[in-house]
Structure formats: structure tokens, C-alpha cells
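Participant: Generate a structure from the sequence data that follows.
(one chain, ligands or ions: 1)
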Amino acid sequence: MLLFGSPVSTLPVRATEHTLIAVKPDGVQRRLVGQIIHRFEQRGFKLVGLKMMQASEDLLSEHYREIVKKPFYPLVRAYMTAGPVIVMVWEGSNVVQSSRKMVGPTNGAEAQAGTIRGDFSFHVGRNVVHASDSTEGAQREIGLWFQENELLNWESCDQDWTIEANEDKQ
Ligand SMILES: Nc1ncnc2c1ncn2[C@@H]1O[C@@H]2COP(=O)(O)O[C@H]2[C@H]1O
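Facilitator: Model prediction:
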């Protein structure tokens, strides 16, 4: 059955944007990994990279280069090295901004119910998840956490049902 009447005859043009999402050590310890992945999957974004790792202090000081001199940074470093993290790269149209909205503001106490932080956290120092804040930031962070050969370019069978083929013509 063809839901939209006629088949797509040309190769669809798809916007490819990527973002880095990390489940922080508290999210791993609290067994929230599955629920967090589920939210990005059900939104329709495509997972192109995923691994569990123990973050090193060097990697973190690069990742957090904007806050490395802040007085609270030693707490961030201790938190982020206290256990394994899950790092992921998600692909999709506008995925950076959409993910930030799904994650919610830094401080879970200010996050709306329905966001990841609003549902799973209430303290700024245990905010469960990281999401890149810009497309440039995402590129930089993906380069820090992943090797090129750890990211897979694959065709998902639901692509025609999550993104309109000719979105560039609108
Ligand atoms: N007072 C604070 N202000 C901002 N960030 C903080 C503070 N204390 C801890 N953090 C952490 O620093 C992190 C910076 O990146 P995130 O936005 O992912 O999440 C932030 C918090 O986990």
C-alpha cells in the first residue's frame, strides 16, 4: 500500500547534521541508557556511532575547554571520570537544536517535565546527559570522542517516513 499515492522516484536529498550525545556516569549508573536512546530513536533520528568508555582527564579538559578554568570544573572532572559514559552520534535534520530541546536546560531543577533532564534530574552537577550546543561544537566534539571509522553511514528503512524527500525545494 502506498500511503502518499505515488512512489518516490528520485533519490531523496536529505539534510545530514550530526550531534554528540553522551549519557554521563550518573545516567549509566542509574540504568537510564536505554530510555535515553529510546527518546532519540522514537523522534526518528539515526544512530551512526555509539560506544561505552571511561573518559580521560585530558579528553575532558578538551571537551570542556570553555569551563576548564571555572571554579566548579574540578567537580565536573570528578563526576565525569567517576564511571563509564556512553557516547553517541545522532544524525538528522536540525538534530543539534532538537536534541538540546529534548535534553532541556543544564540545571534539571529548571528543566520542564518531558525533557530528559526534567524527567531524570534535579541537580546541575548530576544532569545525566550531554548534548552539543551548536553544529560547529558538534563537529569538534565528535572529532574528540570518535575515530572516523567508528561512524557508520547506513540507510535506515524508515527514512521516507521520517523526512520528506524534497525538503530542499520548499
Ligand atoms: N555551577 C555549574 N554551572 C554550570 N555547569 C555546571 C555547574 N556545576 C556543574 N556543572 C556541570 O558542567 C557541565 C557543562 O556541560 P553540560 O552543560 O553538559 O553540564 C554541565 C554540568 O554537568
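
Participant: contacting residues for D26?
Facilitator: Listed by Cβ atoms under 8 Å, 6 or more residues apart in numbering, the contact set of D26 reads 79, 121, 126, 128. Just so you know, the C-beta spots here come from the backbone N, C-alpha and C atoms, and that holds for glycine as well.

Participant: Top of the residues you listed by number of neighbours, please.
Facilitator: Taking other Cβ atoms under 10 Å as the neighbour criterion, S121 ranks highest of those with 25 neighbours.

Participant: quick one, phi psi at that one?
Facilitator: S121 adopts backbone torsions of phi -150, psi 160, taken as degrees, to the nearest 10.

Participant: D158 now?
Facilitator: Backbone torsions of D158, given as degrees, to the nearest 10, read phi -100, psi 10.

Participant: Relative to A22, how far out is the nearest residue in space to it that is not next to it in sequence?
Facilitator: Nearest residue to D158 in three dimensions, chain neighbours excluded: G44, at 7.4 Å (Cβ to Cβ, 6 or more residues apart in numbering). Distance, G44 to A22, by Cβ to Cβ, to the nearest Å: 20 Å.

Participant: between the two, which one's more packed in?
Facilitator: Legend: neighbour count by other Cβ under 10 Å for G44 and A22, higher for A22 (23 against 16).

Participant: Validate this expectation: the more buried one resides in a strand.
Facilitator: Yes: counting by DSSP: H, G, I helix; E, B strand; the rest coil, A22 is part of a strand.

Participant: circling back to that earlier point, quick check: the farthest pair among the contacts of D26?
Facilitator: Maximum pairwise distance among these (Cβ to Cβ): 12.2 Å, between Y79 and S121.

Participant: And the pLDDT at the residue lying closest to R126 once chain neighbours are set aside?
Facilitator: Excluding the flanking residues, the one nearest R126 by Cβ to Cβ, 6+ apart is D26, at 4.8 Å. Here, the pLDDT recorded for D26 equals 98.

Participant: Next: I163.
Facilitator: Confidence at I163, expressed as pLDDT, is 86.

Participant: F4 too?
Facilitator: On the pLDDT scale, F4 gets 37.

Participant: Count the residues that sit near R65.
Facilitator: Counted with other Cβ under 10 Å, the neighbours of R65 add up to 11.

Participant: if I look at it, how far off is N107?
Facilitator: The gap separating R65 from N107 is 21 Å, by Cβ to Cβ.

Participant: Check F72 too.
Facilitator: Taking Cβ to Cβ, one finds F72 at 12 Å from N107.

Participant: Equivalent analysis for S132, please.
Facilitator: From S132 to N107 the distance is 18 Å (Cβ to Cβ).

Participant: contacting residues around the helix or strand harbouring V48?
Facilitator: Using DSSP states H and E, the element containing V48 is strand 46-53. Strand 46-53 has contacts (Cβ under 8 Å, 6+ apart) with 18, 28, 37, 40-41, 84-92, 142, 145-146, 150-154, 156, 159.
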